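Engineer: return atomic coordinates for the entry below.
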Amino acid sequence: MSLVVPTGDGRTQLVHVSDGSSVVQISSPVAQVREVTAEQVLRATEGKLLGVQMVGAMYLVASIVVLEGMSEEELQRPLWFLAWTADEMEQQLVLGDKY
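Structural biologist: Have a look, this model is predicted:
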């Protein structure tokens, strides 16, 4: 499932939610590989509780959420956190709102 999440000031962030049987992966693009280096992306994630993936020509930030015993409201927290964090990183890395 893909969602467009409003992050404020007219900005939005594309977020993908992939279902595994007992977990979901939440991911969001932050830059194209040709726009930034892997080191820049990794440095932008310092101190943040999420991972980085390179999928095709895109860098994405990602998180895994265990669903067991989790309510819908509880799932919204990591989804919003990831969306806002990805939007912040996108602003920092590519100075725009492309994703």
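Engineer: now the biggest helix by length in the chain: how far from the chain's centre is it?
Structural biologist: Ranked by residue count under DSSP state H, the longest helix found in the chain is helix 72-94. Its chain's average C-alpha position is 6 Å from that of helix 72-94, according to C-alpha atoms, centre = their mean, to the nearest Å.
Engineer: same question for stretch 70-81.
Structural biologist: 14 Å.
Engineer: in that stretch, what counts as buried?
Structural biologist: For stretch 70-81, a neighbour-count test (16 or more other C-beta atoms under 10 Å) marks 78, 79 as buried. Yep, even glycine has a C-beta here, placed from its N, CA and C like the rest.
Engineer: which residue is nearest the middle of this structure?
Structural biologist: residue 28 (3.2 Å; C-alpha atoms, centre = their mean).
Engineer: strands of the protein, residue ranges please.
Structural biologist: 2-8, 11-19, 23-32, 51-55, 58-66 (DSSP state E).
Engineer: distance of the nearest residue to residue 84 once chain neighbours are set aside relative to residue 90?
Structural biologist: Distances taken as C-beta to C-beta, 6 or more residues apart in numbering place residue 7 nearest to residue 84, at 5.6 Å, with adjacent residues excluded. In this view, residue 7 and residue 90 are 9 Å apart by C-beta to C-beta, to the nearest Å.
Engineer: what is in contact with those two at once?
Structural biologist: Any residue near both residue 7 and residue 90 by C-beta atoms under 8 Å, 6 or more residues apart in numbering counts here, and that gives residue 13.
Engineer: the two: who's more crowded?
Structural biologist: residue 90 (25 against 19; other C-beta atoms under 10 Å).
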